[in-house]
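J.: 3D model of this:
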Amino acid sequence: MSIIGTTPRLDDLAVGAVVAEASFPLIRDSLVRYAGASGDFNPIHYRDDVAVSVGLPGVLAHGMLTMGLAVQPVVDWVGDPGRIVDYQVRFTRPVLVDPAGGAVVTVVAKVGAIDAEAGVARIDLTVTFNEATVLGKAQARVSLAAAPRTDA
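T.: Numbering: from 1, shown residues only. All right, here's what the predicted structure looks like:
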């Protein structure tokens, strides 16, 4: 839940402004923990031999893990996950998690559009791994309070 006064205001936003950035390191242990939490124990997420046997270059991070990481900077910025009224992505490339070096997923969140009448901002997410986009058309719609009126 957001602390009073800390929620970003729609009136303070500008299209193109960066509102949040974050990097998320992943290691194989991260994938095993996510598998336990999600119940997705597909071995392509933790066994190289299985991943290679189905034509993959190696172990992949779960798509839903990547999607969850991508929206976290927006949740942190807005201060209340309930303010995210819509979130959508397209999976465009896998995140390969090297057994020794892991992987780093980077997220940059920018204001893509502002609908003042609806009190909603569209936040466009650029989500990359090894400088390649891994989530396409990643967008979160965020409900924000307008600035209080002073013309009363």
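J.: Show me where the protein dips below the pLDDT cut-off.
T.: By pLDDT under 70, the low-scoring segments of the chain are 1-5, 146-152.
J.: 50 - rerun?
T.: 1-5 (pLDDT under 50).
J.: so what's the residue nearest to Ala14 when sequence neighbours are not counted bridging to?
T.: Nearest residue to Ala14 in three dimensions, chain neighbours excluded: Val111, at 6.4 Å (C-beta to C-beta, 6 or more residues apart in numbering). (Glycine included, C-beta is placed from N, CA and C.) On the basis of DSSP bridges, Val111 is bridged to Ile123.
J.: my guess is Val111 contacts Leu10, does it?
T.: No: using C-beta atoms under 8 Å, Val111 is not in contact with Leu10; the gap is 9.9 Å.
J.: so what's the spatially most central residue of the chain up against?
T.: The structure's the chain has its C-alpha centroid closest to Ala70; by C-alpha atoms, centre = their mean the separation is 1.2 Å. Neighbour list for Ala70: Val89, Val105, Val107, Leu125, Val127, Leu135, Ala138 [criterion: C-beta atoms under 8 Å, 6 or more residues apart in numbering].
J.: can you confirm the fifth one is in a strand?
T.: Same thing as Val127. Yes: checked against DSSP: H, G, I helix; E, B strand; the rest coil, Val127 lies within a strand.
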